[in-house]
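Asks: Attaching a predicted model along with its sequence, questions to come.
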Amino acid sequence: MESVAPQPFRKARFVYFRCPSCYYESWHSYLHNRLFHQFCWCPNCHRIATLKLAWLVGATWGLVPPLIFALLIFGPFQSWLAGRDFVWLLVPAILTVVLSLAALPLFFRLTWEFAPYDGHVA
Ligand SMILES: [Zn+2]
């Protein structure tokens, strides 16, 4: 059975959520974004949680794809790329996108931490 989220929360798939009040866990979140704040509605206990360190999570995520790209081109692709055209950089670039998307759920799982929130969000 699926609860209906109150306004203004919207369902987001593949976004990890762990309720700080009832410890309900899900790969679907009910999110509401406000400047510098991200709120999450728990479909189990109907309480609202807020994402801790949202700016840090965003900033850290911004570093992940460049890091993967650097590891690829200075690691397994270094000798393969030597003497080839720049256009071949597309191969590790595409691989970077794939790996970044694959790492995203794990990244959420490791970095997202929620705290109970008692105020109003509307
Ligand atoms: Zn809950």
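Replies: Looks like it came in fine. Numbering: from 1, shown residues only.
Asks: Distance check, the residue nearest the centre of the chain against the ion.
Replies: Residue closest to the average C-alpha location in the chain (CA atoms, centre = their mean): F108, at 4.4 Å. With the distance defined as CB to the ion, to the nearest Å, F108 ends up 17 Å from the ion. (C-beta placed from N, C-alpha, C; glycine too.)
Asks: Make sure that residue is indeed in a helix.
Replies: Yes. Under DSSP: H, G, I helix; E, B strand; the rest coil, F108 sits within a helix.
Asks: Which residues are in contact with it?
Replies: 15-16 (CB atoms under 8 Å, 6 or more residues apart in numbering).
Asks: separation between it and C19?
Replies: Using CB to CB, to the nearest Å, one obtains 15 Å as the distance from F108 to C19.
Asks: per-residue confidence at the residue located most distally from the centre of the chain?
Replies: Of all residues in the chain, G83 has its C-alpha farthest from the mean position, at 36.7 Å, by CA atoms, centre = their mean. On pLDDT, G83 comes in at 89.
Asks: what do you get for S3?
Replies: 64.
Asks: ok, now W41?
Replies: 93.
Asks: got it, and the one 10 residues further on?
Replies: Per-residue confidence for L51 comes out at a pLDDT of 85.
Asks: How about the contacts made by it?
Replies: 37-40, 57, 112-114.
Asks: how about a cut-off of 10 Å?
Replies: 17, 29, 31, 33, 37-40, 57-58, 111-115, 117 (CB atoms under 10 Å, 6 or more residues apart in numbering).
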